[in-house]
Structure formats: structure tokens, C-alpha cells
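In: this is a predicted model, with the sequence first.
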Amino acid sequence: MSAITLTNTERQALREAHAKVLRPSLVKRIAGPLVILGTIAYAVFCWFFFDIGTTIAEGRWDRTVPYLADWVTWEAQPRYRFRDGGVVEIEHQRFSPLGENPDPDWMLRLPDGRDAVTFRDFADRVEIAPREVLVYLAGTPYGVALTDGAAVMPPDAPAAFEEKNGRVTVHFGFAGSAEIRNTQVLIRRRFFGWENFWFDTQSPFWDMSPPELIASAVSSERIDPARSNLSLIISEFLTNSEWQHGDVFNKLLQTIVMAFVGTLFACLLAFPLAFIAARNITRNRPLSWITKRFFDFTRSVDMLIWALVFVRGFGPGPLAGISAIFVTDTGTFGKLYSETLENIDDKQREGVKSVGAGPMSVQRYGVMPQVLPAFASQALYFWESNTRGATIIGAVGAGGIGLKLLEAMRTNADWENVAYMVCLILVVVYVFDGISNAIRSRLIGRASR
Amino acid sequence: MTDATVPHASLTPETIDVHNHYRQLVATRRLYTIGTLLVLAVVLVGALIFANDASAGKFLDRLPYLLDFIKTFTPDDPVEIVRALFDLPSPYADGSFKYDYEEGRHYLFGDVYLPEYFYQMLVTLNIAFLSTLVGGLFAFCLCFFAATNLVGAGPVRFIVRRVFELLRAFPEIVIAGLFAAILSLGPIAAIFAVSLHTIGALGKMFFEIVENADMKPDDGLKASGANWFERVRFGIVPQVLPNLVSYFLLRAEINVRASTIIGAVGGGGIGEVFRQSIGRDHAAKTYAIVILLFLTIVAVDQLSGWLRHRLVGNQAFQFGGT
């Protein structure tokens, strides 16, 4: 199909015939640019109001990579100390993720008695002898001189070397780094994964492969004479000191329970109240007005306020969270339900009334069948959204996983635990999202979702 | 509604058959209802026992004292709340935090000042609006790539949708915590957290609207040789814009609440001062903040409701959620 070309006269004729379409009113023409200008002006205002420039410039952006890397990696930090008398002593950090007597394959004792740490492969390594450190980068050796007060990097050192305050740091990329001082060499060796995820280093099952674990679970030889190996395995897993699986599961369950119980109770209380609030059902104007204002009040006082009030009242724990969700959502459900009730079809009520049914029967058979699916669907929607929201009100002390997340983040060293909890939360949210969507589409059909 | 009283003798065999079948159906349905309610009741009781055990204060032990807390939590005199709200000097001042209302004044010029809580409320509101703006902008740009009618069911749609889902489900508090660790605690971390969540939440709403758009204008543009961007710009955007703006406003409303909460866990703004004042038993300050927060949320709700009503008429938009 070829493009249509208009002649000038045609263009003129069209312009005159459709003046309104081709030349919209002034307001319409300037509205778009005005909105854009206003948005830009507001953004500039916010830039200065929050001092975004300074904050971002002063941010410790160098921390981003290690913090993010900590989500999925772990680090071992052995130290090689130069002791008197030409001895190199290996010292592991306290609670080393490598366990009590580590002998990993990247820490070697060379045939000539020198110690070596390999990064990536054997071509990248640090060799340590008393008062002598040799760094191999891609097979090329660089000697680091140790003087009385400092470590000095070789003159031909590549960019991976860095000298600062008498310490030489060699970066091996992801695999880690070696910090060489005149008294010791501190190795930072980084690995993918979550270390000691199943069992901590104190556990008898630490370092066991899955087949070994199964074998030990079914074997009759008891490690702890008081109980079977299987129950010991489960308890060792749940009490893993680093990952605290038991506690995390407990807190996650609290979050789920908070959302479930809070939403359900709110739903149960809002249900009768909504009938009072709906103008077409309760003819008593003041009563319905008061109920509606009550809904507005509990809804508009933020969930945060209720959460903090109940934390003061009940003490920290899921009871406070349940109460906060319950009170806030009573208002929300009340409003939604009474609006649904006000929009029902009156013919069914009239029909039931006309055959002489009492007031309760009118509600039961004339109103309930119309609104029940909508009510249930709204309740499910908020149940799912509260499961997500309960995480954050937990952080102010209202119980659940929120506080645990906050604590793990505050230490700035347990980002892998944060990642673990985030994964669990995501799974829970997705599962509940699926359940809620499935039930809702069965209740009211896909189209009206 | 049981029809057991219908005498069988007066019915033909066929009708009895139908009748019996109907009764069977009713019975099955009732069984299901009772079963569901039973399961729900059992789960509820279990959940309650669990929650009670996990709480520091047990429900029945604490219930009588719940009101005690509110009783002791009264300001020295009602005017004190007004003084706290407007940072006026207090006659009870004894140099402690509790009565240091004037300390928080934010002087604009000369003697004109913004009372501390109004300033903090402004911080929270700005966090909410800026995040909605940033999030909405990204959601707007991305939503067309998630709509089946515009990009088909290819990998682009898949990826964009998964990104929306992830951002929506990702706990805001973790994003805030991560940025707080990098940028120090404060409103900027909250802005990042709320913005990212907004991208996910609005993105989902937006692409659903785009998918429901009338494709006739698009067909017309396609026929006259418009490229993809022109089709979106002139065919889709004009018809979906009112709905998008309506959802945008609803989100702004929700984000005001969200940024209050995130403020309480270290994002600054009114949430943080509220948590501090209730934690330190400063009754007058706490009531002042509750009143201010309540009025602000009502005002924002009303304003956004009015604007949305003007934009899209009387459509039900109560289902924003988080």
C-alpha cells in the first residue's frame, strides 16, 4: 500500500472542515506541557528539600558491592602470623565458617614447607614463608618486601596491588584479596553460596554429604543416646546457630497468622456492621451515619498508629499485629461491604418481602446470595495484601518476621540471612497470591476480578 | 427451605426423581459449607493459641491493662496537645524532652516558623508523592512492554511482568534497609523503597488497563503506516490516560500510608517522631501527631477521591491494595 499524499488545496479544505480536531483549544494544548513543567518543578523542589544531591554524593557506594555480594556469597578469613623464630602460625577467625580444624583445599602446604593460598587456580596464589611473601598473578611472581614497619609493594606491581598505611592489598577479583602487613597476612577468600546452611560447625552432621546424612538417619547407632538420629538431625537443623531456621519459621508463621486472624476477625465484625451502615437496609439515618464515621475513623487512623498503640498495650508480639490489622481492616471492610450492600438489586429483596418474610429472612434470602461472593472476594484480596503488609508492621514490634529482618539488616554483616528471609517471604506471598486468586476466580469468575 | 413436606404421592415418578436430585444437591452444598467453616474454625483456634503463646503479654493477662495504658496516657491538660501541635511554649516545661515543643520549630524567614510535626508530615507527604511520581513514570514507560496486545506473548512481556511481580512482592523494608546502609538512615532510603514498590504495583494495574484498551485506533494507525511508538502514543495512550491517572492517584493515597510506616522503621518523617513519642510516653506529642496524621490522611483520601471521580466518573476503584 502506498502512502497517500495530500495536495495543498486538499489540506486546506480538511483544515477548514475539521478546525476543532486539528486545532484543539488553548487549554488542551498547554495542559500537557504545563503538567510536565509542574512535575519537573516539583522534582527540583524535592531535590533540594531532601538534599538528594548531597546524600547521594556522600553515600558509601563502595559498600554496595560487598553488601550485595554478601547476599549470595560467604567469606573465610584466615590469618598467617609471623611469629618469632621463623614460624608462620595460621589463625582462623572466631566462629570460622570452616569449622574447628579446617583444612580446605585452597590452603596448601608446599613441599618446601612454605604455606600457599590459591585464588581461582594455582596460577593466582600467595606464598607465605617466614618474613617473606610472594604473590603470583597469572603465573608471574611478585615479591612483597617486608621491612620493620611496613610491607612494600614491588616497583613493577600491576593494578591489582594497592599500598596504603604500610599495608599491601592484592585483589583477586571475586575470589577475594590478601592484605599483607609486616606482621601478618590476612586472607579474604570468597565463595558462592550460603555457608553451613543446613548445620552449623558445632553440629555432628556438619560437613556430611546427603548420602552420609541419610545413612546416619537410618542407622541404629545413636549419636545422642537420648533420641533417634532423625529427630537429632531435625533439631540440629532448626537450631542452626547461624541461620536460626526454627526461629525464622516461627516468625514467618507469626506473620501469616497475623494476617489471617486479623483479616478474618475484621471481616466477621464488619459483616453485621455493614448492614447497619448501609442506608438502603437500615432506615435509621443517625445510626447508619455513626457506623459509617466509625469505619472512616478506624480506617483513617493509620495501621502504624494502631500497631504502636497495641504494642504498648499488649507488649511486643503477634497479638499486637493481629489487633492492628483487625481494627484497620474493620474500617476498610465496613466501607467496602456497606458500599456493596448499597448497590444491590432491590428486586430480590422486594420479592422475598412480598411473600411475607420477616426482616431476618429478607436479609438472608434477598440480600446475602447477592453479596456473599463479593464479600468473600474482597476479604481474600485483603488477606493476601495483609500477608505482605504484616512484614512491615512487624518491624515496629508487632510480631512476625519484620523485626528479625530489621535486626539482621542493622548488623550490616548478615545480609545472607536477609536474603534467606526475603526468599521465604517471596515464596509465601506468591503461594498466598495464587491461592487467593484461585478461590476468587472460582467465586466471582475471572471477568469481574 | 427444605421441601421434605412435599407429599410424594402427589408427584409423578419423574418429578420425584428431579426432586430427590435437587435435595441431594442442596445436601452436598451444605456439607461443603459446614466442612469449610469447620476447617476455618480449627485453623483459627490453632492460630490464636499460637499467637497468644508467641506474644510477650498474654491476651487475657493484658486485656485489663490495655485500658490502663490509655488511662495513664493522658496529657497534663488538653491545651497541651495544641501547644505540642503548634510548637508553643508549655507552662509545664522542665527542660525535659517531653515539653521541648519549641525546639523542633523550623524557621522559614524571620519569626515565621513551621511547627515540627507539620514539617515532618510534609516530609512524609513528599516522600509519598515523589515516590509515586518516580514509580509511576517507570511503570508508565514499562507497562506497554507487558501488554499482550502490544508486544505479543514473547520474552519481553514475560520479563517485564516478572520484574513487576518481584518488585511488588519484595518486602519494602529490605530495600529501605539496604539503601539506609549505603546512604545512612533517612527519607532517601524510604523514597527508593516506596518507588520500587510503586513500579511493581502500578505496573501491574497499568498493563491490565492497556490490555483492555480498544484496538481500533491502533488498527487505524497501523493501516496508515505508523510505527510502534506512534501507535502507542496516538492509539493507546489517549484512551488509557484517564484510567492510568486515576490509579496513579489511588497509589499516591496508599503511598502516604506506606511512607508513614516506613518512616517508623527508620525512614524519617512523621512515622519516626510518632514512634519515638509513643515509646517515651509523651502523651501530648503523641495525640498531636495522631490528630495531624488522621486529618492529613482524610484530606488526601478526599482529594484523591474527588479527583478520581472527576477523571473517570463513578467507577469502583476501591480495589487498590498494596
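Out: In hand now; what should we look at?

In: the host helix or strand of B:Phe192 and chain A in contact?
Out: Using DSSP states H and E, B:Phe192 falls within helix B:187-211. Yes: under the criterion of C-beta under 8 Å from any C-beta of the partner chain, chain A is reached by helix B:187-211 at B:Pro187, B:Ile188, B:Ile191. Using the backbone N, CA and C atoms, a C-beta is placed for each residue, glycine as well.

In: how far off centre is the very next helix or strand once past that helix?
Out: Per DSSP H and E, the first helix or strand lying C-terminal to helix B:187-211 is helix B:216-223. From the chain centre to the centre of helix B:216-223 is a distance of 37 Å (C-alpha atoms, centre = their mean, to the nearest Å).

In: for helix B:216-223, buried residues please.
Out: For helix B:216-223, burial by neighbour count (16 or more other C-beta atoms under 10 Å in any protein chain shown) applies to B:Asp218, B:Leu221.

In: run through who's touching it.
Out: A:Met1, B:Asn149, B:Glu230, B:Arg231, B:Phe234, B:Gly235, B:Ile236, B:Pro238, B:Gln239 (C-beta atoms under 8 Å, 6 or more residues apart in numbering or on different chains).

In: what average pLDDT does that helix get?
Out: Mean per-residue pLDDT for helix B:216-223: 92.

In: repeat for stretch A:399-408
Out: pLDDT averaged over stretch A:399-408 gives 89.

In: check the contact between B:Gly266 and B:Ala176; I expect there is one.
Out: Yes: contact status for B:Gly266 versus B:Ala176: in contact at 6.9 Å, counting by C-beta atoms under 8 Å.

In: who's more crowded, those two?
Out: B:Ala176 (29 against 22; other C-beta atoms under 10 Å in any protein chain shown).

In: quick check: mean pLDDT across stretch A:81-94?
Out: Throughout stretch A:81-94, pLDDT has a mean value of 80.

In: picking up where we left off before, in PyMOL, select just the buried ones from the residues of helix B:187-211 next to chain A.
Out: Buried members of the residues of helix B:187-211 next to chain A, defined by 16+ other C-beta under 10 Å, are picked up in PyMOL with:
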select buried, chain B and resi 187+188+191
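
In: the residue of the stretch 101-250 of chain B found nearest chain A - how many residues pack around it?
Out: Closest contact between the stretch 101-250 of chain B and chain A, by C-beta to the nearest C-beta, is at B:Gly177 (3.7 Å). If you count neighbours by other C-beta under 10 Å, B:Gly177 ends up with 25.

In: can you tell me how far it is from A:Leu406?
Out: For B:Gly177, the distance to A:Leu406 equals 7 Å [C-beta to C-beta, to the nearest Å].

In: likewise for B:Thr296?
Out: Counting by C-beta to C-beta, the gap from B:Thr296 to A:Leu406 is 26 Å.

In: ok so, going back, other SSEs contacting the helix holding B:Phe192?
Out: For helix B:187-211, the elements it packs on are helix A:52-58, helix B:116-143, helix B:148-151, helix B:155-169, helix B:172-183, helix B:237-262, judged by 3 or more C-beta pairs under 8 Å, 6 or more residues apart in numbering or on different chains; DSSP states H and E.

In: chain center to the strand or helix carrying A:Val422, what's the gap?
Out: Element membership of A:Val422 [criterion: DSSP H and E] is helix A:415-444. Relative to its parent chain, helix A:415-444 has a centroid offset of 12 Å by C-alpha atoms, centre = their mean.

In: what does the residue in the stretch 51-200 of chain B that chain A sits nearest to show for phi and psi?
Out: With C-beta to the nearest C-beta as the measure, B:Ser55 is the residue of the stretch 51-200 of chain B nearest to chain A, at 2.8 Å. With angles defined as degrees, to the nearest 10, B:Ser55 sits at phi -80, psi 150.

In: now do the longest helix belonging to chain B: distance to the chain's middle.
Out: The residue-count maximum for a helix in chain B (DSSP state H) belongs to helix B:13-54. Between the centre of helix B:13-54 and the centre of its chain there are 33 Å (C-alpha atoms, centre = their mean).

In: close to chain A, is the next helix or strand after it?
Out: Counting by DSSP H and E, the element after helix B:13-54 in chain order, helix or strand, is helix B:59-72. Yes: applying C-beta under 8 Å from any C-beta, one finds helix B:59-72 touching chain A at B:Phe59, B:Arg62, B:Tyr65, B:Leu66, B:Phe69, B:Ile70.

In: neighbour count and pLDDT for the residues you listed - can I get that in JSON lines?
Out: Output for the residues of helix B:59-72 next to chain A, formatted as JSON lines (neighbours: other C-beta atoms under 10 Å in any protein chain shown; pLDDT from 0 to 100):
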{"residue": "B:Phe59", "neighbour count": "16", "pLDDT": "79"}
{"residue": "B:Arg62", "neighbour count": "20", "pLDDT": "75"}
{"residue": "B:Tyr65", "neighbour count": "14", "pLDDT": "75"}
{"residue": "B:Leu66", "neighbour count": "17", "pLDDT": "73"}
{"residue": "B:Phe69", "neighbour count": "15", "pLDDT": "74"}
{"residue": "B:Ile70", "neighbour count": "13", "pLDDT": "76"}
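
In: tell me the pLDDT at the closest residue to chain B within the stretch 201-350 of chain A?
Out: Distances between the stretch 201-350 of chain A and chain B by C-beta to the nearest C-beta are smallest at A:Gly317, namely 2.8 Å. On the pLDDT scale, A:Gly317 is placed at 87.

In: so what's the closest residue to it other than its chain neighbours up against?
Out: Nearest residue to A:Gly317, sequence neighbours excluded (C-beta to C-beta, 6 or more residues apart in numbering or on different chains): B:Ser55, at 2.8 Å. B:Ser55 is in contact with A:Phe314, A:Gly315, A:Pro316, A:Gly317, A:Pro318, A:Leu319, A:Ala320, A:Gly399, counting by C-beta under 8 Å, 6+ apart.

In: what about the spatially most central residue of chain B, distance to B:Arg310?
Out: Central residue of chain B (C-alpha atoms, centre = their mean): B:Ile254, 3.8 Å from the mean position. B:Ile254 is 19 Å from B:Arg310, where distance means C-beta to C-beta.

In: then B:Gln120?
Out: In terms of C-beta to C-beta, B:Gln120 sits 31 Å off from B:Arg310.

In: local confidence estimate at residue 301?
Out: All of this is about chain A. Per-residue confidence at A:Val301 stands at 85 (pLDDT).

In: hmm, no, I was thinking of chain B.
Out: Reported pLDDT for B:Asp301: 88.

In: for burial, what's the neighbour tally of the residue in the stretch 1-150 of chain A that chain B sits nearest to?
Out: Using C-beta to the nearest C-beta, the closest approach of the stretch 1-150 of chain A to chain B is made by A:Gly59 at 4.3 Å. Per other C-beta under 10 Å, the neighbour tally for A:Gly59 reads 17.

In: surely it touches B:Ile182?
Out: Yes: with contacts counted by C-beta under 8 Å, A:Gly59 reaches B:Ile182, the gap being 5.2 Å.

In: just list what the helix or strand hosting A:Glu407 packs against, helices and strands only.
Out: Per DSSP H and E: A:Glu407 is located in helix A:401-410. When contacts are defined as 3+ C-beta pairs under 8 Å, 6+ apart, helix A:401-410 packs onto helix A:245-277, helix A:368-393, helix A:415-444, helix B:172-183.

In: what helices and strands are in contact with the second one?
Out: Here helix A:368-393 touches helix A:245-277, helix A:303-314, helix A:318-342, helix A:401-410, helix A:415-444, helix B:172-183, helix B:237-262, going by 3+ C-beta pairs under 8 Å, 6+ apart.

In: check the longest one too.
Out: Taking 3+ C-beta pairs under 8 Å, 6+ apart as contact, the helices and strands that helix A:245-277 lies on are helix A:229-238, helix A:285-300, helix A:318-342, helix A:368-393, helix A:401-410, helix A:415-444, helix B:13-54.
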